[in-house]
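Student: With the input below, show me the fold.
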Amino acid sequence: MAYSVDVRSVGTTEIPGPELYWMADWDAWYELSFNIAVIRGEDVTALVNTGAPDDLSALNARWTGIFGPRGEFRRQPHETITARLAEFGLAPDDVTDVVVTPFQLYTTAGLPLFRNARLHLSRRGWVHFHT
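Tutor: Numbers count the residues shown, from 1 in each chain. Next up is the predicted model:
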């Protein structure tokens with residue numbers, strides 16, 4: 001059975017070195033791209049992560065409060081989850097499975113869009129999230 005995997009950015013931010021490289025590169029900043037993956041095969045259209053919320057104000061208030069203005073989550077209009085799916089001729093109801101990792105607002109905000117999808121979570125991650 002053949003599968004295809006496509007990865008697309010759904011936003012970017014900048015973070016300081018110690019956030020990316022545990023307590024190293026104190027004077028450096030790095031751009032991060034937040035991505036989704038669309039996996040398609042026989043009877044499966046899976047999505048890894050569902051993107052950040054439409055309204056980024058709460059997310060950005062937290063992130064810029066920690067990192068300053070460089071830490072803002074930035075997203076172009078073509079990087080919304082629905083716009084990215086449309087690039088593949090897909091709508092949220094076409095997605096059969098959603099994998100979420102990690103359990104963060106930037107990966108889970110779109111979950112309500114995927115009413116027909118089975119949700120896949122790491123048991124270890126779910127337990128850690130709740131403890």
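
Student: Surely Val48 is in contact with Ala37?
Tutor: Yes. Using Cβ atoms under 8 Å, Val48 makes contact with Ala37 at a distance of 4.0 Å. (Each C-beta comes from the backbone N, C-alpha and C, glycine too.)

Student: Pick out whichever of the two has more residues nearby.
Tutor: Val48 (18 against 13; other Cβ atoms under 10 Å).

Student: The more buried one pairs with what?
Tutor: According to DSSP bridges, the residues that bridge with Val48 are Ala37, Val99.

Student: and it, what is it in contact with?
Tutor: Val48 makes contacts with Ile36, Ala37, Ile39, Val98, Val99, Val100, Thr101, as judged by Cβ atoms under 8 Å, 6 or more residues apart in numbering.

Student: Before we move on, what's the pLDDT of it?
Tutor: At Val48, the predicted lDDT confidence score is 97.

Student: what about the strands in this protein?
Tutor: For the chain, strands defined by DSSP state E occupy the ranges 4-16, 29-41, 44-48, 97-99, 118-120.

Student: separation between Glu42 and Asp93?
Tutor: 19 Å (Cβ to Cβ, to the nearest Å).

Student: no no, Ala58
Tutor: Taking Cβ to Cβ, one finds Ala58 at 27 Å from Asp93.

Student: for Arg118, same thing?
Tutor: 13 Å.

Student: Equivalent analysis for Arg74, please.
Tutor: 28 Å.

Student: And for Ala52?
Tutor: Separation of Ala52 from Asp93 (Cβ to Cβ) stands at 21 Å.

Student: how about the helices in the chain?
Tutor: Along the chain, the stretches classed as helices by DSSP state H are 17-20, 57-67, 81-86, 105-108, 123-130.

Student: Quick check: Leu85 touching Glu79?
Tutor: No. Counting by Cβ under 8 Å, Leu85 stays clear of Glu79, with 11.6 Å between them.

Student: Between these two, which is the more surrounded one?
Tutor: Using other Cβ under 10 Å, the more surrounded residue of Leu85 and Glu79 is Leu85, with 23 against 19.

Student: circling back to that earlier point, would you mind giving the strands of the chain as TSV with distance to Gly89 added?
Tutor: Converted to TSV, the strands of the chain look like this (distance: least, Cβ to Cβ, whole Å):
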stretch	distance to Gly89
strand 4-16	12
strand 29-41	11
strand 44-48	10
strand 97-99	18
strand 118-120	21
